[in-house]
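Asker: Need coordinates for the following:
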Amino acid sequence: MDDMLKEFVVEALDLATNVEEHLLSLERRPDDTNALNALFRSFHTIKGGAGFMNLPAIVSACHLTENLFDGLRTGKVPVTPTAIEAGLQASGFVADQLGQLANGAAPESLPAMPATLEELLRQAIEGAPAAVAAAAVAAPATATADAGTTAGVPPAPDMTSAPGLDWEALYRAVVPAALAEAAPAVPAAAPGVPPAALSAATPSAMPAARNAGDDSARPVVAPVKEDSIRIDAVKLDALLEVAGESVQAANQAAVLLEKLTQFKFEGQAAALMATLQETLARASRYSTELQRATLSTRMQPVGRLFQKFPRLVRELARDLGKDVDLVIEGAETEVDRVVVDSLYDPLVHMLRNSLDHGIETADERASSDKPAKATILLKAWQEGSSVMIEVSDDGKGMDPARLRNKAIAKGLITDHMAQSPEEALQLIFLPGFSTKEVASSVSGRGVGMDVVKTAVEKHRGAIRTESVLGKGTTFTIRLPIELSIVPTMLVRTAGAALAMPMAVVERVVELPETFDAVGGAPVMRDQGRPLAVRSLAGVLGYEDCREKVGIVVAAPQPYILAVEAVDGTADLVIKPLTAMAVPGINGTARSAEGELVLVISLAYLLDGCRSTELANRLAA
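Answerer: Numbering: from 1, shown residues only. Just a heads-up that it's a prediction; the model follows:
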């Protein structure tokens, strides 16, 4: 098994494992939209990888299951026991196929999707009651038996067709084919009575036959997971968080010690203080080394990820009848491995969308005086404490007005939202948004770009879109190079302590008493350019206060964020909010003095702190 197929199998098995949990949760709570979205994404992601790996049975099962969940999501199909059973059977079939691959089966040897499973899914999509689909629901045993026969494993004997058991047939049914061929014939026994020597002789005979040098015996293929160790990303995050916390604890102790040195110590107390300073310095040095060593084990070049895509682009372009050249730049750029692993699915979705939506056919490109061969650029580079990843194409681009009208027609936004072209381009990240009238096996279900945004923001990143009609589209992802420690600027407003990522801080300016106004909104000139001034207290819903300091935010549309005071900079360990959702805030941290600090979301800052404003307009 090649490395790419191995990675797909391991990742897809993880997704398939979670499907059953989400299905059972949906059965208990039919209105659980989070479970529906998670199920939809899982099958969509598995289908994309299976199509790339040329696994048609998995693609077919996932595509039909997506149709089922599309009906559940839109309300056309009720959440019935038949629908849940169909989802469970489909996930079981997919998991079975993945399991066969994990145990060394060749992709071309996998069985096709059973007709019974297809019928069950179609009955569920049509909203048939449980009684109508009862025959199809009973299919798992048949499907499993068919799959086993196709894979070369003899079917189990019929236990009720004769008064006794056919022990040789039973033995061959439960022992892998490679071992069965290597072992001698199973001794005969009286009908219905297991021979006394059978249970002892059979196991010992198999290793002997294998060691006898039988060249005709096929070697047993070890399962995929035995040659590597997969560590849950949560555990890696915990390890790095501990290292970060140790650095922060050492910094906090240093602040406290500095305050203690303001007092006068004499005699033994002075000697103890000197020893304490030396010990703290050593502890601080070791904690920093621990953090650096932990980080180094997780830093990997994005080229490890990028090398998976040329084949995907080539094969998908061929299927779509398009001629496309994928150009890769900056493959040596290093980033946290957790970020690298999490980027695979988003980049697959983005490349598939560029190929299907963005790149024109050869005839369309010829009529637009474009080269027959289109170009997609996949580029990475480091910018301060962030890694930037760009996916751009020279296709037909996107029309902001069409995007906005489509979102209004689907009921995703109201008439007074997304007025600017920049805001309209961001609509493609809304769940359920798609400009295609008919879904295909490539795109059109309104789930792909939602997956992208969710994955990026999960790792405290942000994604922006730029597009020019007739010229092409560019997606730019900004992610922190390190996940454990985030360089921040500490600010204070309305009595609250907050931190904002240094990645977007351009500089700090002093604010005047009064501002110019454009359209009723305050504006200040900075280096000759007029920038909008936004109150941090205002956008977060705090009480009004005297904000005397401005921070120039390096967003796609730069602006000035007004705060009460700037308290300096610090490297903080960010802990995500889990029990609540606060617009604009994505985590908390502790300052060196031990004070609780709210961390402002990078995506929120890059979006111009507009989320709360939109919510207020909707509420009005």
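
Asker: ok, the most centrally placed residue in the chain - contacts?
Answerer: The centroid of the chain falls nearest to A455 when counting by CA atoms, centre = their mean (4.1 Å). By CB atoms under 8 Å, 6 or more residues apart in numbering, the contact list for A455 reads 342-343, 345-346. In this view, the C-beta of every residue, glycine as well, is placed from N, C-alpha and C.

Asker: Highest neighbour count among these?
Answerer: Among the contacts of A455, L343 has the most neighbours (other CB atoms under 10 Å), with 25 neighbours.

Asker: Could you find the closest non-adjacent residue to it?
Answerer: Spatially, and ignoring its direct neighbours in sequence, L343 is nearest to L305 (6.0 Å; CB to CB, 6 or more residues apart in numbering).

Asker: is it true that that neighbour touches Y344?
Answerer: Yes. Counting by CB atoms under 8 Å, Y344 is a contact partner of L305 at 6.1 Å.

Asker: Which one's more surrounded, these two?
Answerer: Set side by side, L305 and Y344 show more neighbours around L305, with 22 against 18, by other CB under 10 Å.

Asker: gap between that one and P583?
Answerer: L305 is 32 Å from P583, where distance means CB to CB, to the nearest Å.

Asker: Give the next helix or strand downstream of the lengthiest helix in the chain.
Answerer: The helix that spans the most residues within the chain, counting by DSSP state H, is helix 268-298. Under the assignment DSSP states H and E, the closest C-terminal helix or strand after helix 268-298 is strand 299-301.

Asker: ok, and for the following helix or strand past that next one, which residues are buried?
Answerer: Reading on from strand 299-301 to the C-terminus, the next helix or strand found by DSSP H and E is helix 303-306. Under the neighbour-count criterion of 16 or more other CB atoms under 10 Å, helix 303-306 has 305-306 buried.

Asker: Same check on stretch 536-548?
Answerer: For stretch 536-548, by 16+ other CB under 10 Å, it's 536-540, 542, 545, 547.

Asker: per-residue pLDDT, the residue nearest to L343?
Answerer: pLDDT, L305: 86.

Asker: and what of T465?
Answerer: 90.

Asker: on that earlier part again, quickly name whichever of the contacts of A455 is closest to E423.
Answerer: P346 (21.3 Å; CB to CB).

Asker: circling back: any idea which helix or strand carries the residue nearest to the centre of the chain?
Answerer: Here A455, judged by DSSP H and E, is contained in helix 448-458.

Asker: I'd like the average pLDDT over that helix.
Answerer: 80.

Asker: Pull the distance from it to the chain's centre.
Answerer: 7 Å (CA atoms, centre = their mean, to the nearest Å).

Asker: can you pull the buried residues of it?
Answerer: 448-453, 455-457.

Asker: And stretch 120-127, by the same measure?
Answerer: 120-125.

Asker: In terms of distance to R282, which of those residues ranks first?
Answerer: Distance to R282, by CB to CB, is smallest for L121 among the buried residues of stretch 120-127, at 64.1 Å.

Asker: any idea which helix or strand carries the closest residue to the closest one other than its chain neighbours?
Answerer: Once flanking residues are discounted, L121 sits nearest to L64: 4.4 Å by CB to CB, 6+ apart. Per DSSP H and E: L64 is located in helix 56-74.

Asker: For that helix, give me every contacting residue.
Answerer: 33, 36-37, 39-40, 43-44, 46-47, 50-51, 77-79, 83, 86-87, 90-91, 93-94, 97-98, 110-113, 117-118, 121-122, 124-125, 127, 432, 439, 441, 445.

Asker: make it 7 Å
Answerer: Helix 56-74 is touched from outside by 36, 39-40, 43-44, 46-47, 50-51, 77, 79, 83, 86-87, 90, 93-94, 97, 110-113, 117-118, 121, 124-125, 441, 445, with contacts defined as CB atoms under 7 Å, 6 or more residues apart in numbering.
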